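*Asks:* mind looking at a prediction? Sequence and model below.
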There are 2 protein chains.
Amino acid sequence: MEDLREDRDSWSSENCSVARAMDIVGSRSTVLIMREALLGTRRFDDFVRRVGVGEPAMAARLKDMLAAGLLERIPYREPGQRTRHEYQLTRKGRELLPVITALRNWGDTWAADDAGPSVVATHHDCGEPVRAVLRCAAGHEITDGDIDIAAGPGIIRRA
Amino acid sequence: MEDLREDRDSWSSENCSVARAMDIVGSRSTVLIMREALLGTRRFDDFVRRVGVGEPAMAARLKDMLAAGLLERIPYREPGQRTRHEYQLTRKGRELLPVITALRNWGDTWAADDAGPSVVATHHDCGEPVRAVLRCAAGHEITDGDIDIAAGPGIIRRA
DNA sequence: GGGCTGGCTTGCATATGCAGAAGTCAGCAC
DNA sequence: GTGCTGACTTCTGCATATGCAAGCCAGCCC
């Protein structure tokens, strides 16, 4: 199996999924909004208060995230209230959970408060803490970065 | 098992590992430098060329990352050359691999080029593709976000 | 039809990030 | 001691992100 790290300059990073993902969720506030959305927050004011960002910034970020398809705007109506809109995660947005979880794990280990982490994700069925881990399609868990980098269909080779 | 999502306003996000992680690795260029570092890049010029960022920005980012402890500056000497320095990942930096992998997975699925992903991480032992997945300490794989949010030692309650 | 409230928008000032071009510096080769 | 090269630093200028304060608007209540 070829490992592309051995000749890094033989292929370019123009087509890079990491870069494209960062173009969409690469800012601090977008990630914190995702954190809150994954915790169940759906309303504008709650996002503003819980994320700790100003209203103008929040409105701009939510607009970007709607355009990116991470959230969708759903009308709802509480009894005796007028129609409002809430922001619900799309599948595209929900699937960022491993990213947020990996970030939280890393932060818990390397940037935690002296008191320790404030929250822990646990498995609903068994109550054990949940972590983002690397696993191959054959089911093996990857331990010390025991991976190769192989070419995908969209690779761009160069001289 | 209590689920903190049920009363989100009973605890604050001041002590948030996600936010702290984003303070360190929250910019696009930092993540792309991590991508390259995890692919084996160690020298300034290579980082500049492969990440596609200007020299001043790269110098600033690398300085931040040294200060954050993601990289360390190691002197080396090629025969017939003067002493130089290269940037090696620390353990703290290497452990961002699940974050980068989760981002790459997500980008491959939701923001890929028509041609498909350019590279795929594969398990060195078996050659199967590697993904970041959620797993609990008891070994169960988490499927549809089947998690609760429990209090950690550093939680900050409020009225 | 006037007030209230949630959900924004506008305006202004500041801070950070990045590109591009050019200059600096260290030290081995010669 | 001069040239060369990798590794930066400096300078200028623009674009984006964010904070704060204030204003606007829709529509249900009364």
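*Replies:* Right, received. Where do you want to start? Because the structure is a prediction, the values reported are computed rather than measured.

*Asks:* model confidence over the strand or helix carrying A:Asp23, on average?
*Replies:* Element membership for A:Asp23, per DSSP states H and E: helix A:17-25. The average pLDDT for helix A:17-25 rounds to 94.

*Asks:* buried residues, that helix. List them.
*Replies:* Neighbour counts over helix A:17-25 (16 or more other CB atoms under 10 Å in any protein chain shown) mark A:17-22, A:24-25 as buried. Quick note: C-beta positions are derived from backbone N, CA and C, even for glycine.

*Asks:* could I get these as JSON lines with distance to A:Arg157?
*Replies:* JSON lines is the format used below for the buried residues of helix A:17-25 (distance: CB to CB, whole Å):
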{"residue": "A:Ser17", "distance to A:Arg157": "17"}
{"residue": "A:Val18", "distance to A:Arg157": "19"}
{"residue": "A:Ala19", "distance to A:Arg157": "18"}
{"residue": "A:Arg20", "distance to A:Arg157": "20"}
{"residue": "A:Ala21", "distance to A:Arg157": "23"}
{"residue": "A:Met22", "distance to A:Arg157": "24"}
{"residue": "A:Ile24", "distance to A:Arg157": "27"}
{"residue": "A:Val25", "distance to A:Arg157": "29"}
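
*Asks:* which one of these sits closest to B:Thr90?
*Replies:* The closest of these to B:Thr90 turns out to be A:Val18 (CB to CB; 20.0 Å).

*Asks:* enumerate every residue touching the closest one.
*Replies:* Taking CB atoms under 8 Å, 6 or more residues apart in numbering or on different chains, we find A:Val18 in contact with B:31-32, B:35, B:100, B:103-104, B:107.

*Asks:* go on, A:Glu14?
*Replies:* Neighbouring residues of A:Glu14 by CB under 8 Å, 6+ apart: A:156, B:118.

*Asks:* how about it, secondary structure?
*Replies:* Under DSSP: H, G, I helix; E, B strand; the rest coil, the three-state class of A:Glu14 is coil.

*Asks:* how much space separates it from B:Arg50?
*Replies:* Distance of A:Glu14 to B:Arg50, computed by CB to CB, to the nearest Å: 11 Å.

*Asks:* out of everything not next to it in sequence, what's closest to A:Asp148?
*Replies:* Spatial nearest neighbour of A:Asp148, chain neighbours left out: A:Asp3 (4.4 Å); criterion: CB to CB, 6 or more residues apart in numbering or on different chains.
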